[in-house]
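Only the shape, not the letters, is given here:
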């Protein structure tokens, strides 16, 4: 009996997509889908480490859009601190957190490093480990294959 095609065929993402990070109270963020990066990265500024019930946490703020007037305060347990080499070859020690990402109808846990992405076009980079865990393929010639519905969250009133 043949298998169902939807079981064998992963969902496809474009090279950029709108996703949500519900565990961080971020209803929408534009992510660059990057198969060249192993780990996902999230824009963060004003990071503050603290202890909570004997566990290491980080509090940070993020601009989910390139507009600087919108800020979201987040906090999460720190899984570890890791040396990460960026695309320019620079090495930086970053906090690593786990959070839920939602893309289309799928939601799953991903590992994310926190770093300043002020100079980058995208506030989030979705790396290949997250893509494998989410069961996605990437069409590098397409954008927003999951739609732009999440972008409406930030429409000016």
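Cool, the structure landed. All values derive from a computational prediction rather than experimental measurement. Numbering: from 1, shown residues only.

in this protein, which spans are strands?
Listed in chain order, the strands of the chain (DSSP state E) span 11-14, 16-21, 26-34, 40-43, 45-52, 55-62, 72-77, 80-85, 91-103, 106-115, 124-127, 136-139.

what's in contact with the fifth one?
It stands for strand 45-52. Strand 45-52 has contacts (Cβ atoms under 8 Å, 6 or more residues apart in numbering) with 56-63, 77-78, 95, 114, 116, 118. Any C-beta I mention is one placed from the backbone N, CA and C, and that applies to glycine too.

just checking, what packs against the lengthiest helix in the chain?
The residue-count maximum for a helix in the chain (DSSP state H) belongs to helix 128-134. The helices and strands touching helix 128-134, judged by 3 or more Cβ pairs under 8 Å, 6 or more residues apart in numbering; DSSP states H and E, are strand 91-103, strand 106-115.

Only the buried residues of that helix, if you could.
128, 130-131, 134 (16 or more other Cβ atoms under 10 Å).

Go through the strands of the chain and pick out the most buried.
With neighbours defined as mean count of other Cβ atoms under 10 Å, those peak in mean count at strand 124-127, which reaches a mean of 26.
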